[in-house]
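Undergrad: Give the three-dimensional model of this entry:
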Amino acid sequence: MERITSKDIYTSLWRCRDFELSHLWQRSIFLTAFLVMCFTGYGSLLLKICEYVTDDNKYIPFCILSIACLCVAFLGIILSALWIMMGKGSKAWYEKYEIALYNIERNRDYSEETVIDNMDNAELIHGNLPEPHSLDTKLFTTNAGKFSVSRINIAIGQISMFVWGLIYFVHSICFSFSKQLYTMLGNCDSNTSTALMSISFWLLLLVLSVIIIKRTQWCYSSGI
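TA: Numbers count the residues shown, from 1 in each chain. Below is the predicted model:
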């Protein structure tokens, strides 16, 4: 059986690292479709709600649609959290490969423990690429910039989760203080305690979900 060489290991690490980078955005495509559907569905439900806001006789459709909106917003928060987890997991793996590549090139002890034969210097390319001539961090120039594509991917999920969290919070307050809710509960007068109980319920649901995700280590990787 042919013996594995240091070049084989080095090439394999690069291939794995490139695979993670190339699939970083591709893995987010299917979550993008679900998030777009959530935004579209929430907008459609919100338009329906507007038709019943001034109609006291249609309090049941109003309440049902409001609960549906909160469920959609809750789903958007969960999908955004999954986006962040997926982006961070992919980033963790390709950074593991980059650290291994860097150590093979620069750390002689690590290289001798990891690979079988020493590599020729001509094979060392990691970290030796020249800097672009024009490099800045300005958003309104066309020069290359020091930005991390993987961190942008994670940031998209974080922004999405913030937006859905804000929608969920605002909608729960509006629904809890709506006169349609009081009418459905048989209380036509404004009742602050009822509103606070309703808000507490929706916020408690969100907090419990976060606790369950953290305590059960949902979607955690055992290989990292």
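Undergrad: In a helix, Y97, correct?
TA: Yes. Going by DSSP: H, G, I helix; E, B strand; the rest coil, the assignment for Y97 places it inside a helix.
Undergrad: Next, the contact list for the residue lying closest to it once chain neighbours are set aside, please.
TA: Distances taken as C-beta to C-beta, 6 or more residues apart in numbering put R17 closest to Y97, at 3.7 Å, once the chain neighbours are dropped. All C-beta atoms are positioned from the backbone trio N, CA, C, and that covers glycine. When contacts are counted by C-beta atoms under 8 Å, 6 or more residues apart in numbering, R17 touches 94, 97-98, 101.
Undergrad: and R17, that one's in a helix?
TA: Yes. Assignment of R17 by three-state DSSP places it within a helix.
Undergrad: That one and T40, how far apart?
TA: For R17, the distance to T40 equals 36 Å [C-beta to C-beta, to the nearest Å].
Undergrad: What of K88?
TA: Counting by C-beta to C-beta, the gap from K88 to T40 is 27 Å.
Undergrad: Looking at the two now, which is surrounded by more residues?
TA: Here K88 and T40 are compared on neighbour count by other C-beta atoms under 10 Å; more neighbours surround K88, at 16 against 11.
Undergrad: So, low pLDDT: which residues of the chain?
TA: 1-7, 54-57, 107-135, 139, 142-144, 147, 185-191, 222-224 (pLDDT under 70).
Undergrad: mind listing the helices for it?
TA: Assigned by DSSP state H, the chain shows helices spanning 6-26, 29-52, 59-106, 108-114, 149-176, 179-184, 192-215.
Undergrad: Dump those to TSV, plus distance to T141.
TA: Formatted as TSV, those follow (distance: least, C-beta to C-beta, whole Å):
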stretch	distance to T141
helix 6-26	23
helix 29-52	28
helix 59-106	26
helix 108-114	39
helix 149-176	17
helix 179-184	52
helix 192-215	40
